[in-house]
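Asker: below is the sequence, then the predicted model.
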Amino acid sequence: MADPAVVSGSLNSRSGGSKAVAGPAENYVLARRRTLQVVVSSLLTENGYESAEKAAVESLTEMMQSYITEIGRCAKAYCEHTARITPTLPDVVVTLIEMGFNVDTLPVYAKRSQRMVITAPPITNAPVVAKALSTGQKRSHPSHIPSYFPEFPDPHTYIKTPTFREPVSEYQVVREKAASQRRDVERALTRFMAKTGETQSLFKDDLTTFPLIAPRPSTIPYLSALLPSELELQALEETDSSEQDDQTDSENNPNNIVSDDPGADKENSVLPSGGVVPTVKSSEENVIDNPYLRPVKKPKVRRKK
Amino acid sequence: MNRKKDKGFESPRPYKLTHQAVCINNINFQRKSVIGYVELTIFPTVVNLNRIKLNSKQCRIYRVRVNDLEAPFIYNDPTLEVCHHESKQNLNYFSSAYTAAVTAVDPDAGNGELCIKVPSELWKQGDEMKVLKVYIEFSLDQPKGGLHFVVPNVEGSMAERGAHIFSFGNQNSTRFWFPCVDSYSELCTWKLEFTVDASMVAVSCGDLLETVYTHDMRKKTFHYMLPIPTAAPNISLAVGPFEILVDPYMHEVTHFCLPQLLPLLKHSMSFLHEIFEFYEEILTCRYPYACFKTVFVDEAYMQVSAYASMSIFSTNLLHSAMIIDQTPLTRRCLAQALAQQFFGCFISRMSWADEWVLKGISGYIYGLYLKKTFGVNEYRHWIKEELDKIVEYELKMGGVLLHPTFCGVKEKDNPTPHLHFSIKHPHTLSWEYYKMFQCKAHLVMRLIENRISMEFMLQVFNKLLSLASTASSQKYQSHMWSQMLVSTSSFLKSISNVSGKDIGPLIKQWVDQSAVVKFYGSFAFNRKRNVLELEIRQDYTSSGTQKYVGPIKVTVQELDGSFNHTLQIEENSLKHDIPCHSKSRRNKKKKIPLMNGEEVDMDLSAMDADSPLLWIRIDPDMSILRKVEFEQADFMWQYQLRYERDVVAQVEAISALERYPTPASRLALTDILEQEQCFYRVRIQACFCLAKIANAMVSTWTGPPAMKSLFTRMFCCKTCPNIVKTNNFINFQSYFLQKTMPVAMALLRDVQNLCPKEVLNFILDLIKYNDNRKNKFSDNYYRAELIDALTNSLTPAISISNEVRTVDNLNADVRLILEEITRFLNMEKLLPSYRNTITVSCLRAVRMLQKNGHIPSDPGLFKSYAEYGHFVDVRVAALEAVVDYTRVDRSSEDLQWLLDMVHNDPTHYIRHKILSMLCKNPPFTKAEAADSSLCNEALVDQLWKLMNSGTSQDWRLRCDAVNLYYTLFGLMRPSCLPLPELGLVLNLKEKKAVLNPTIKPESGSAGADLTPGMGFQASMKEELLILETPISTVATPNQGLKRKLDTPLGSPPEPGQVLPDEPSSKVPLKSRYPTQDEEDIDMDTVHDSQAFIYHQLNMLERPSTPGKEPPSVEPVLLPMPAMPLPMFSKESSGSSKHGEHQHHHHHHEHKKKKKKHKHKHKHKHKHESKDKEKERDARGFSNSPASGHSLRSPSLSD
């Protein structure tokens, strides 16, 4: 009952229930579930219900199934905890206790008078768990291990199974791929832009072969021409973090430039500059006396003509 | 005030200016207008100062007060329209008229546009020291010069839009934005006040004293004080929503940039303090002003303009840390600007003739800075480049004269007869000439340094500066201030005092004389005498050359070492014998000592067995402004390239090797290319030379295409040589080489004269595999050069009988190229590169594709990129393509489009650029003019109008227009114009239709309709002209007739000649004509004068073709009987307003009437003989814009 296969099976059945053709494993699971449904229905009848909606029955079945599954899972865990492979009654009892079930009430309940007898589920063979992967030779115990010890697990669980192809690490191919990928992206993007906007053509008769996005005058053309694009800034950031130059990182970090503090600016990295940042600078910072930084005065009462 | 002679400065004015206040209290960005006033404090230096002449252009003047008394004034600007007379249209005539007009308002001659009459109450106040305060209220409306408004057309407040305004101009142009004495020699202290929007900053010269809110708190006033005496042309202003950056190293230095650019500003300015330190150190003088400001503005007139204590730069100089190529350029600009702070702003010049001293010194110390910062190689390379530039220019265009002296005589002994413009004024100079002038000036300074040593040179500068700073601190003793002016003679005197050397011959040769020296050298080795027989010949007969007599240095590299010889170039000695030190002995294996002490092994197998000479250099230090063509064997050039350590020698060797396409040259060049220690510019040049050699050797060339394996070795992956490494530009030398090699390789051609397939594929691969992800620098310049390489690889398409170019018959290679260009150009829209370098290269590539016939030739694409609103580099590239298209396809429509842009474009730089590109690549030249369909009368008229009146607000543009006119038509009357005589004989109205079908007919008819009234007015006006305005005398018909035949100038009275001797302007400014005083006064009331100015300004707004003129014929005049026909004149299109005005002041004219009558009669005599036709003729001509001139400059004729 507490077979893990059930769990997975039941899940399967739910998702794949609508499938027309069911395999033997599914048949097995379906039969069990049908029995469970019957159990739920009979319990309902027992408790005085005359009819129930299908959905309600279904939900209850689901709850029941979860409950039983949980018992099975726990019992198995207990048993494995004690280094056994087959759960015993005490395992189940402990489990039930653990789940807050009063075990003492169970015999009474089992022997209640009005209980209905349910036919056992049709005997279907428990599905043979297909050998998941038959790779390699199943290893037998080495001589120093007594034969009563469990067998080795299937080879696929421990041997190295190459499931992906070796990534192409050849430099040429990588570059080739990167280049063509970028080119494709660029071409697709520009074509898209060209299709969605105004275009110009170098040929009067053919407007599509070499579509040029029409230039649009901008109101402040120098901004886009002078400011580095975000992409470039981002790239720069990446370069900076990946490549540690002899310069400290902060010197090139464009974020630094954005900061408003004039003193923090020391990027001089492009050309060698012999400039040494004045050491007193940071302390002086607060006392810069520049007329453009002074506050604007309030007008005098006597207005200057 | 008695000026001491030794001060050397005589003010041309009868007064001395000591202080000027400028207050601009309103700047309206929406309307582009400015309102303000100025107050000049002057000390008369003569008794009875009754006239004050000031400079003012385009300002509308509301009132003038002198010491609180209203003063009448007259405004006359003859430069608004240079020639009033139409049919001339030859450039000789224009140039002299223009020079005369500029002289007539030249402050250095004591003239000015604005003439203020000092109220008589103030006349006889006796003491010359009595202070006069001249208060002038003025406004500017949509100024076309002087101040530039940049108002982006977006939503938001002006500050949010980044709207700003700044002053600009070529030389002394401050008069465009406020009345002043616009001379570099009139110094005074300044108080400047600017009231601007609270969100804006006003940056100006001097120290910011305080910033005060106005009462409504919506504006603030910036108060500046400039205590150092400064000339008005060095005053500037910039207002905008600038971001402020206080220099972290020097707190008295403040930088300003437009919104959002602060990060760039911080980076670009992080270097400035070093330049400061450098100059202060070499000049041993502190920076003269208390503060310094840099302002970066959009649409700048020039990249760098220096003003007292501030500089205005183009915002396009700003760059981020990722940009390599712009960095040195920007630093150079900063260094130039700062050098001019010392010499140019702080120290000013006495006269235009002394300009070379300032430009020379500032250029020279800038050179020292280059040497220190970028190294000796860079410096020497730069000197070589500059020398080549000036030599090329002078040999092509004729001499550049640094120190023009005008000794009283006028045009007759013009020092530069080869030029089509006068060099008497900065405002008449061609821009190109002025650039060369500056170049020559600093080279001459370097020559002086060579002569007297750098130490003395710097001492001289220091002396000039310390004299000036002593003088500047002297308050109120304004006569001391002239020590802040430098003149040629004072400079030379300092030199001789400091160094004790006589540099007279040097100055005479290079400063007082124009032109350069051209040497031809060759040699023979006399084995017997072991003597080198050197022959140095000179060409001093062709244009732009002069004869050189004096020492010349020759360096001979022999096997035993390098030896310097100083030869004396004399009148007739051509041959010089130089004894050699070494015997030819090449078997002894010994290292060869070089000039710098280095000893190297050389493979001597190439050299002549009999001669010990390795190479010879003539004037290696470039201590003569010369061109040397020296002949030595190819192996000697190769040795020179490989082993001479001077970059100049290497550069010379490379250019010489172009003539020797041999495997040995190839090897020498390849070795240089590979040599890491070699200066990168030399290596770059070697690339191009190698390409040329490879092309010359195409049939015998072995191995892969030139440079390919080299490039592969240097920049490609070791494992896969066809893939370039991911970019890493940390080593700038190899970066520049990596950029250049593909460009040079693309110039290779195979036997079919096509670019080898291998090379093209190689470049395409470079583009394909370009990967900048790991690079900390931007690769925009690199990618742009790869596109340039593609462009270079293009060869003319095989044309099959003019078939239409379509996509289908596109060559496969071209298709690939086009594919790349399309992608690059489109990507730029999404991810624009710095300064849009890639777009620029793509546009050039597209034009090249068109030109080579691969794709249909069409200017449409370029026109769209040339529109206002694109980045300026892109616009210039696009315009260049349109200019080229105009020439190749002879498209008059596109020429018209370009000229319209010259008229209308908001950016001054673009307007200038279009004209200079048209000059460089003209649609036709003088020689072709006859065949070109573009050359017609309409074009002549249009250009004439452009230079005559259309460009009066921008000196530079006007000179550009003159240049273009010269390029297209030459000095003489354009051949496409109908001969004037023809017009006299024929009925021109009909004839003209035959001669010039391009003339718009409707303007003709309109002109005719208006004729009666206009003719009358014009005739009246003309009389006035004869009597009153000397400038316009030239334009009177009688002279016009006399001079019809393009007579060389000079014989009839020239404006320039007339003016000084008969101050016939009704305002004789000098008190030496006191008797004329009462007649002088045209306007008795201030009201009248204001009305006059207002009216004159109004007139300027009007279109100048009579046809378009509002037919508002003066009602008073209409009913008057038509005047007799002979009274009609070529002035026929005078505006009716003039008539009105004349009427207004009729009572003044009573006296003059009689005189006029006399004139009139004379007039008639001449005219009557020629009768009606001529009048018709005149009217006919008036159709053309250049002839019908309603746009008269406001003359003194009230």
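Answerer: Perfect, I can see it now. Numbers count the residues shown, from 1 in each chain, chains lettered A, B, ... in the order given.
Asker: so in the chain, which helix runs the longest?
Answerer: I went with chain A, as the question did not name one. Secondary structure of chain A per DSSP state H: the longest helix is helix A:54-81.
Asker: ah, no, chain B please
Answerer: Within chain B, and with DSSP H defining each element, the longest helix by residue count is helix B:355-397.
Asker: quick one: buried residues of the helix or strand that it is followed by?
Answerer: Proceeding N to C from helix B:355-397, the next assigned helix or strand is helix B:431-452, under DSSP states H and E. Across helix B:431-452, burial judged by 16 or more other Cβ atoms under 10 Å in any protein chain shown covers B:431-434, B:436-449, B:451-452. Where C-beta positions appear, they are placed from N, C-alpha and C, glycine not excepted.
Asker: just stretch B:166-175 next, same as before
Answerer: Applying 16+ other Cβ under 10 Å to stretch B:166-175 flags B:F166, B:S167, B:F168, B:G169, B:N170, B:Q171, B:N172, B:S173, B:T174, B:R175 as buried.
Asker: and it, end to end?
Answerer: Stretch B:166-175 has an end-to-end distance of 14 Å (Cα to Cα, to the nearest Å).
Asker: and that stretch with chain A, contact?
Answerer: No: for a cut-off given as Cβ under 8 Å from any Cβ of the partner chain, stretch B:166-175 has no contacts with chain A; the smallest distance is 14.3 Å.
Asker: tell me how far that stretch lies from the chain's centre.
Answerer: Mean-position distance between stretch B:166-175 and its chain equals 13 Å (Cα atoms, centre = their mean, to the nearest Å).
Asker: who's in contact with it?
Answerer: With Cβ atoms under 8 Å, 6 or more residues apart in numbering or on different chains as the test, stretch B:166-175 has contacts from B:55-57, B:107, B:113, B:145-148, B:150, B:176-177, B:180, B:182-184, B:231-233, B:235-240, B:295, B:297, B:300-302, B:305, B:307, B:312, B:426-427, B:431, B:908, B:954-956.
Asker: and stretch B:465-481, what's buried?
Answerer: Within stretch B:465-481, the residues that count as buried by 16+ other Cβ under 10 Å are B:L465, B:L467, B:A468, B:S469, B:A471, B:S472, B:S478, B:H479, B:M480, B:W481.
Asker: ignore what I typed, I meant stretch A:65-74.
Answerer: Quick answer for stretch A:65-74 (16+ other Cβ under 10 Å): A:Q65, A:I68, A:T69, A:I71, A:G72, A:C74.
Asker: can you add pLDDT and give those residues back as JSON lines?
Answerer: JSON lines is the format used below for those (pLDDT from 0 to 100):
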{"residue": "A:Q65", "pLDDT": "92"}
{"residue": "A:I68", "pLDDT": "91"}
{"residue": "A:T69", "pLDDT": "92"}
{"residue": "A:I71", "pLDDT": "92"}
{"residue": "A:G72", "pLDDT": "92"}
{"residue": "A:C74", "pLDDT": "92"}
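Asker: which one among those residues gets closest to chain B?
Answerer: Checking these against chain B by Cβ to the nearest Cβ gives A:T69 as the nearest, at 52.3 Å.
Asker: does stretch B:834-852 reach chain A?
Answerer: Yes: for stretch B:834-852, a contact with chain A is found by Cβ under 8 Å from any Cβ, at B:Y834, B:R835, B:N836, B:V846, B:L849.
Asker: need phi/psi at the closest residue to chain B within the stretch 101-250 of chain A.
Answerer: Per Cβ to the nearest Cβ, A:P217 is where the stretch 101-250 of chain A lies closest to chain B, at 2.4 Å. Here is the backbone geometry of A:P217 (degrees, to the nearest 10): phi -60, psi 140.
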